[in-house]
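> turn this into a structure:
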Amino acid sequence: MKKQSMWSMRLSTASLVLIPVAVGINYIGKLIVGLLKLPLWLDSIGTVLASILAGPIIGALSGAINNVIYGLTVDTISFVYGITSIAIGLAVGILFYKGMISSWSKAAVAGLIVGLVATIVSTPLNVGFWGGQTGNVWGDALFATILSNTHSTWLASLLDELVVDVPDKLVVVLVSFGLYKGLPRNIVQVYNSDNKVETLD
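A predicted model of the protein is given here:
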């Protein structure tokens with residue numbers, strides 16, 4: 001069987017069903033964290049799982065749609081970070097396609113990489129829109145400490161984002177990989193099929 005392009009847009013029924021499922025998983029995770037004031041985000045498990053199953057484009061779409069829905073229903077700040085969700089979906093899809101999320105140890109390394117990607121994308125957004133803070137109570141406490149000692153908004157914002165995003169994405173990728181490994185093989189094969197594929201090549 002010919003291997004699909006990494007940038008295949010798999011617009012099968014399975015992929016179209018996967019998007020709202022991924023959005024729902026993201027939405028619930030973000031709500032739970034918001035209610036419990038946890039030091040993580042846990043709002044991209046669905047995005048990561050969608051990227052693993054159906055590729056970076058579907059994953060990025062799932063993440064972006066989740067930010068739009070959450071922004072419309074709960075918190076408008078979410079709109080801004082649609083860019084970060086897209087970056088996460090693309091990064092995970094690429095890493096999985098390259099075989100870098102094929103074992104627990106590789107998934108852990110991939111989680112750290114995705115966390116760094118999210119940090120790099122989100123830090124300028126934090127500085128530009130919110131004075132450098134993330135809105136996470138734990139990260140923002142570090143932001144205040146770093147800022148008072150260095151007077152560097154960029155450094156404080158980078159570390160604020162880093163201490164939340166890296167452990168968050170590590171957990172998210174490991175949880176998503178566990179869900180993927182736990183899926184029945186016939187479901188996984190649906191997404192590996194060459195049927196009903198439209199490529200962006």
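> only C-alpha atoms for contact and neighbour calcs from this point on.
Fine.
> relative to the centre of the protein, pull out the residue lying furthest away.
residue 149 (31.5 Å; C-alpha atoms, centre = their mean).
> just how off-centre is the strand or helix carrying it within its chain?
In this assignment (DSSP states H and E), residue 149 forms part of helix 137-150. With C-alpha atoms, centre = their mean, to the nearest Å as the basis, helix 137-150 stands 24 Å off its chain's centre.
> which neighbouring elements make contact with that helix?
helix 153-182 (3 or more C-alpha pairs under 8 Å, 6 or more residues apart in numbering; DSSP states H and E).
> show me the contacts for residue 156.
Counting by C-alpha atoms under 8 Å, 6 or more residues apart in numbering, residue 156 touches 132, 142, 143, 144, 146, 147.
> the third one contacts residue 133, doesn't it?
Spelled out, that is residue 143. Yes - counting by C-alpha atoms under 8 Å, residue 143 does reach residue 133; the two are 6.8 Å apart.
> overlap in contacts, the two.
157, 160.
> what's in contact with stretch 137-146?
Contacts of stretch 137-146 (C-alpha under 8 Å, 6+ apart): 37, 39, 132-134, 152, 155-157, 159-161, 163-164.
> buried stuff in it?
For stretch 137-146, burial by neighbour count (16 or more other C-alpha atoms under 10 Å) applies to 137, 138, 139, 140, 142, 143, 144, 146.
> in the protein, where is pLDDT below threshold?
Applying pLDDT under 70 to the chain flags the ranges 1-11, 193-201.
> mind checking how far stretch 52-63 is from the chain centre?
Its chain's average C-alpha position is 10 Å from that of stretch 52-63, according to C-alpha atoms, centre = their mean.
> export that stretch to PDB, keeping only CA atoms.
Presented in PDB, the C-alpha positions along stretch 52-63 are these (Å, rounded to 0.1, in the frame of the first residue of the first chain):
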ATOM      1  CA  ILE A  52      -2.200  11.200  15.200                       C
ATOM      2  CA  LEU A  53      -5.200   9.500  13.600                       C
ATOM      3  CA  ALA A  54      -5.900  11.700  10.600                       C
ATOM      4  CA  GLY A  55      -2.900  13.900  10.000                       C
ATOM      5  CA  PRO A  56      -1.800  17.500  10.700                       C
ATOM      6  CA  ILE A  57      -4.500  19.200   8.700                       C
ATOM      7  CA  ILE A  58      -7.400  17.500  10.500                       C
ATOM      8  CA  GLY A  59      -5.600  18.000  13.800                       C
ATOM      9  CA  ALA A  60      -5.000  21.700  13.100                       C
ATOM     10  CA  LEU A  61      -8.700  22.200  12.100                       C
ATOM     11  CA  SER A  62      -9.900  20.500  15.300                       C
ATOM     12  CA  GLY A  63      -7.800  22.800  17.400                       C
END
